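Enquirer: After the sequence you'll find the predicted model.
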Amino acid sequence: MKNISTQAAELLARCTQTADMVTPPVERVEPKLYNELKKVLEAAGGKWNTKRQAFLFQRDPREQLAQLLAGGTVVSTKKATQAFYTPAAVVARVLAHCPNIRQGVILEPSAGEGAIADALYKAGGDVDCCEIDADSVAILRGKGYDVMNCDFLTVKAAPDYQMVVMNPPFTKGQDMKHVRHAFNFLKPGGTLLAIMSPAFLHSARTACTEFAAFVEAHGRVVEWFEAGAFKESGTNVQTVLVKLTAPNA
């Protein structure tokens, strides 16, 4: 959550706000005050655009900012939805492990706004998506994807996909649950690639040791992404890439 000082609230109130953009007033502002405003707008999902001299948003920020000015807080959209989207450099490393992208349909179970799906599509893949956040679903459908708008863990598994490529939420071991569920969507011999927390490799918790055995039985860790690989997406967490193969029939 992000609170705001009285001075920053006054500055925010003088900003020009639209459905996809917040433009700060053209006036001299103390660096400390501007940085506070910047952090608030970034927490709400804004990204500074030098050419436009404004913070651009994928979703309308005005209601959330109005609540903030009324004495509330800004909840980071990334933390609220666990939506730490995959940077292009990481996506490229993931795709290097994808066999036969053009053969069969690919599932992206936590598609966000399409960072992985877009790369798969550009490489010739036929991609189905699942995404829980309604605003992200609207963006995906605007790009032409077939999207299930729901919690992926509630989707009934069917072995319809040649490949699953995913960057699931990590909090409280959700990534392990998502990967186990996604594995059931693979056709015999199909491939799953998942960006995950490395916690299962070190923890003595039963859920982690059982998942580590599951990975060993069906595949392995094929990449380690250094802390900072996701910095542009708002997190410095270290991650790994797990590659699994479904048993042949």
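Expert: Arrived safely, thanks for sending.
Enquirer: Contacts only, for the closest residue in space to Asn184 that isn't next to it in sequence.
Expert: Sequence neighbours aside, Ala157 is the residue nearest to Asn184 in space, at 3.7 Å (criterion: CB to CB, 6 or more residues apart in numbering). In this view, the C-beta of every residue, glycine as well, is placed from N, C-alpha and C. The contact partners of Ala157, taken as CB atoms under 8 Å, 6 or more residues apart in numbering, are His181, Asn184, Phe185.
Enquirer: and Ala157, helix, strand or coil?
Expert: coil (DSSP: H, G, I helix; E, B strand; the rest coil).
Enquirer: circling back: can I get the contacts of Ala157 in a markdown table including pLDDT and distance to Val240?
Expert: Formatted as a markdown table, these follow (pLDDT from 0 to 100; distance: CB to CB, whole Å):
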| residue | pLDDT | distance to Val240 |
| --- | --- | --- |
| His181 | 97 | 19 |
| Asn184 | 98 | 21 |
| Phe185 | 98 | 21 |
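Enquirer: can you pick the most crowded of those residues?
Expert: Phe185 (23 neighbours; other CB atoms under 10 Å).
Enquirer: I'd like the distance between that one and Asp160.
Expert: Going from Phe185 to Asp160 by CB to CB, to the nearest Å gives 6 Å.
Enquirer: Quickly list what's touching both of those two.
Expert: Residues touching both Phe185 and Asp160 (CB under 8 Å, 6+ apart) are Leu107.
Enquirer: The lengthiest strand in the chain packs against which elements?
Expert: Taking DSSP state E as the criterion, the chain has its longest strand at strand 186-196. Counting contacts by 3 or more CB pairs under 8 Å, 6 or more residues apart in numbering; DSSP states H and E, strand 186-196 packs against helix 88-95, strand 161-166, helix 174-183, strand 239-245.
Enquirer: Just the residues contacting stretch 113-131, thanks.
Expert: Contacts for stretch 113-131 (CB under 8 Å, 6+ apart): 58, 85-88, 91-92, 94-95, 98, 101-102, 104-112, 136-137, 139-140, 143, 145-150, 152, 155, 161, 163, 165-167.
Enquirer: Please apply the same query to stretch 200-216.
Expert: With CB under 8 Å, 6+ apart, stretch 200-216 has contacts from Gly173, Met176, Val179, Arg180, Ala199, Val221, Val240, Val242, Leu244.
Enquirer: buried stuff in it?
Expert: Neighbour counts over stretch 200-216 (16 or more other CB atoms under 10 Å) mark Phe200, Cys208, Phe211, Ala212, Phe214, Val215 as buried.
Enquirer: How about stretch 166-183?
Expert: By 16+ other CB under 10 Å, the buried positions in stretch 166-183 come out as 166-170, 173-179, 181-183.
Enquirer: Figure out how far that stretch is from the centre of its chain.
Expert: 12 Å (CA atoms, centre = their mean, to the nearest Å).
Enquirer: is it true that His181 touches Leu153?
Expert: Yes: if you go by CB atoms under 8 Å, His181 and Leu153 touch, sitting 5.7 Å apart.
Enquirer: number of nearby residues for Arg59?
Expert: As a measure of burial, Arg59 has 18 neighbours, counting by other CB under 10 Å.
Enquirer: and it, helix, strand or coil?
Expert: coil.
Enquirer: Need the nearest residue in space to it, chain neighbours excluded.
Expert: Asp135 is the one closest to Arg59 (CB to CB, 6+ apart), at 4.2 Å.
Enquirer: Give me the distance between that neighbour and Leu186.
Expert: 29 Å.
Enquirer: out of the two, which sits in the busier spot?
Expert: Remark: of Asp135 and Leu186, Leu186 carries more neighbours, 23 against 17, as counted by other CB under 10 Å.
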